[in-house]
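Engineer: Sequence and computational prediction follow.
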Amino acid sequence: MKTDYGTLSQTINGLKEEGYTLDFNIQDDLLVCHTNNTQLSPDDFEIDGVFRFEGESNPDDEAVLYAISSTKDDIKGTLVNGYGISADAASNDLIKKLSTHS
């Protein structure tokens, strides 16, 4: 996995080329993928990479992109989480769980 792909969209596309094809969202302290109806608790996955992006002129453009894999389900995907002003409190709670799960 590369450490720098460029912009947020370039990084998402680069990770897709590396097999991180699913799009995860946070729901009730779980990661969910609506495409294949997968639900992952923090014990079910690993964070393979973290990419931070800061907007040059707009603080609302700040985001963190996580590359996530689950050997249990043999899947890979990404999770985008806003931070700073646009951070979602529920998302941050789950991310705290993830950071202690390494």
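Structural biologist: The structure has been received and is ready for your questions.

Engineer: ok, which stretches of the chain are helices?
Structural biologist: Counting by DSSP state H, the chain has helices at residues 8-17, 89-99.

Engineer: surely K76 meets G49?
Structural biologist: No: using C-beta atoms under 8 Å, K76 and G49 do not qualify as a contacting pair, with a distance of 10.7 Å. Using the backbone N, CA and C atoms, a C-beta is placed for each residue, glycine as well.

Engineer: give me the low-pLDDT residue ranges for the chain?
Structural biologist: 56-61, 83-91, 95, 98-102 (pLDDT under 70).

Engineer: Quick test: name the residue nearest the centre of it.
Structural biologist: L79 (2.2 Å; C-alpha atoms, centre = their mean).

Engineer: neighbours around the residue nearest to K72 when sequence neighbours are not counted, how many?
Structural biologist: Spatial nearest neighbour of K72, chain neighbours left out: D44 (5.3 Å); criterion: C-beta to C-beta, 6 or more residues apart in numbering. Counted with other C-beta atoms under 10 Å, residues neighbouring D44 total 17.

Engineer: dump the residue contacts of D44.
Structural biologist: Going by C-beta atoms under 8 Å, 6 or more residues apart in numbering, D44 touches S70, K72, D73.

Engineer: most surrounded residue in those?
Structural biologist: S70 (17 neighbours).
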